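> Sequence and predicted model, in that order:
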Amino acid sequence: MLTPYVVIFLFVGAGVVFGAGALIAAKLLRPSLPYARKLTTYECGIKPTGSSEVQLNIRFYVFALLFVVFDVEVLYIYPWAVTVKEVGILALAEMAVFLAILFLGLLFAWRKGALVWE
């Protein structure tokens, strides 16, 4: 009988082997005929002008980072919510502290204007 960890590692290993196998098969089976026109940047038939570097507003990155932080928060809250009756009142207090810290971070970002989409 396999332990649960062995089963997880087998699934992860199968996923890695499948992914690597697909990439290797694609590399070996696809036609490869590179030439200068094929290697240029695609611009809808219009010749590119100017630099290809575009500077984006830092707010886009801050907004995305805040989304990731609160998305990861949900990943921590869900398993906790499933097992909260079993782990007791201490877990409830720890989650309250965790949520309070995240809420303070959200208030700070809101007051600084990081959530304004302009």
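Perfect, thanks for sending it. Residues are numbered from 1 along each chain as shown.
> ok, the most centrally placed residue in the chain to L75 distance?
Closest to where the C-alpha atoms of the chain average out (C-alpha atoms, centre = their mean) is V68, at 6.9 Å. From V68 across to L75, the span is 11 Å (C-beta to C-beta, to the nearest Å). Using the backbone N, CA and C atoms, a C-beta is placed for each residue, glycine as well.
> F63: what secondary structure?
At F63 the chain is in helix, as set by DSSP: H, G, I helix; E, B strand; the rest coil.
> again, but for the one 10 residues further on
E73 falls in the helix class when you classify it by three-state DSSP.
> Then E53?
Taken by three-state DSSP, the conformation at E53 corresponds to coil.
> From A36, how far off is it?
Here E53 is placed at a distance of 22 Å from A36 (C-beta to C-beta).
> distance between the helix-or-strand element of the chain with minimal mean pLDDT and the chain's centre?
Taking all helices and strands of the chain together, the one with the lowest average confidence (mean pLDDT, DSSP states H and E) is helix 58-87, at a mean of 83. The gap between the average C-alpha position of helix 58-87 and the chain average comes to 12 Å, counting by C-alpha atoms, centre = their mean, to the nearest Å.
> Excluding covalently adjacent residues, which one is nearest to A91?
V84 (6.0 Å; C-beta to C-beta, 6 or more residues apart in numbering).
> what residues are up against that neighbour?
If a contact means C-beta atoms under 8 Å, 6 or more residues apart in numbering, then V84 has A91, L92, M95 as its contacts.
> Without its sequence neighbours, what residue ends up closest to the last one?
The shortest distance from M95 to any residue that is not its chain neighbour, by C-beta to C-beta, 6+ apart, is 5.7 Å, and that residue is W80.
> ditto for the second one
Excluding its sequence neighbours, the residue lying closest to L92 (C-beta to C-beta, 6+ apart) is V84, at 6.6 Å.
> Okay, now the unreliable bits of the chain?
Scanning the chain for pLDDT under 70 picks out 41-48, 52, 118.
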